[in-house]
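A.B. asks: Structure for this input, please:
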Amino acid sequence: MRMRQLCGVGLGVALCCGAAVWAQQDTGARQEQRAGVQPGAVVQDKLDLLQQVAFLDQTHIALGKLALERSTDSGVRAFAQGLVQDHQQHLSQLQDYADANGLELGLLSVAAEEPLGVGGSGPVGSEQSQPAVRYSDQYIKQVNAFAVTRGELAALSGKAFDQAFLLQVSDFQKQGQKLLNTGIGRFHDDASLALLLDRLGPLLRDHQTQAASLVKRQGG
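C.D. replies: Numbers count the residues shown, from 1 in each chain. A predicted model of the protein is given here:
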């Protein structure tokens, strides 16, 4: 099924793409120099990870909101509401961590209906935000792939939508868990970041269990 194939494009590429803008702290640079690491390299890797985890949160929020618009099943709607709330909270915590560490998350809207061009740049947040962020082609492809997936889901209704929505969320949960495992292994020495990533793991597993139970209840 085309919709199922797209999810790997959206979340399966960890630590290798994202917004190509970052704010480097003096203390972080000195620590990297003492460790023999090129200044900024670790910071950029960390920013790439944060951007990917934020994208994970964004996609779940968007899917949950879509389900609240399209589904009439009380169980699916309750699950979708929890999905939105949990990932909004985690995304907020992620932004707090980035702000506290002098990192600027450049996030594109995942609700855009028109495909984004590659090789471009755009403002972060409002039109007044500075500096402009240049996004990698891979990141833009991720956002566009998710837009296609969301569009295909939005064209469904009734039980067909519920089933496709739950299966898509379940697939995203699996991809997200792989991303978290990679991030925790890469930045285990950053206690604050490791804790932030670790908090998301149980949520992903719980959501996956809930989705599987709903699919089974509907006879899928």
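
A.B. asks: so where do the helices sit in this protein?
C.D. replies: Remark: helices assigned in the chain by DSSP state H are 2-11, 26-34, 41-70, 74-100, 137-154, 158-186, 191-217.

A.B. asks: From Thr209, how far off is the residue sitting nearest the centre point of the chain?
C.D. replies: Central residue of the chain (CA atoms, centre = their mean): Leu56, 1.6 Å from the mean position. When distances are taken as CB to CB, to the nearest Å, Leu56 and Thr209 turn out to be 18 Å apart. In short, each C-beta sits where N, CA and C put it, glycine included.

A.B. asks: Same question for Ala164.
C.D. replies: Using CB to CB, one gets 19 Å for the distance from Ala164 to Thr209.

A.B. asks: Same check on Val169?
C.D. replies: Using CB to CB, which is the criterion applied here, Val169 is 11 Å from Thr209.

A.B. asks: Mind checking which of these two has more residues around it?
C.D. replies: Counting neighbours by other CB atoms under 10 Å for Val169 and for Thr209 shows that Val169 has the greater number, 25 against 12.

A.B. asks: contacting residues around the more buried one?
C.D. replies: For Val169, the residues meeting the contact criterion (CB atoms under 8 Å, 6 or more residues apart in numbering) are 60, 63, 83, 207-208, 211.

A.B. asks: just the helices of the chain: most buried one?
C.D. replies: With neighbours taken as mean count of other CB atoms under 10 Å, the helices of the chain reach their highest mean count in helix 41-70, at a mean of 21.

A.B. asks: same question for that one, mean pLDDT?
C.D. replies: Helix 41-70 carries an average pLDDT of 92.

A.B. asks: How far does that helix sit from its chain's centre?
C.D. replies: Remark: helix 41-70 is offset 2 Å from the chain centroid, using CA atoms, centre = their mean, to the nearest Å.

A.B. asks: Output the contacting helices and strands for that helix.
C.D. replies: Packing contacts for helix 41-70, counted by 3 or more CB pairs under 8 Å, 6 or more residues apart in numbering; DSSP states H and E, involve helix 2-11, helix 26-34, helix 74-100, helix 137-154, helix 158-186, helix 191-217.

A.B. asks: Of all those, which one is nearest Leu47?
C.D. replies: Put simply, out of those the one that sits nearest Leu47 is helix 74-100, at 7.9 Å, with distance taken as CB to CB.
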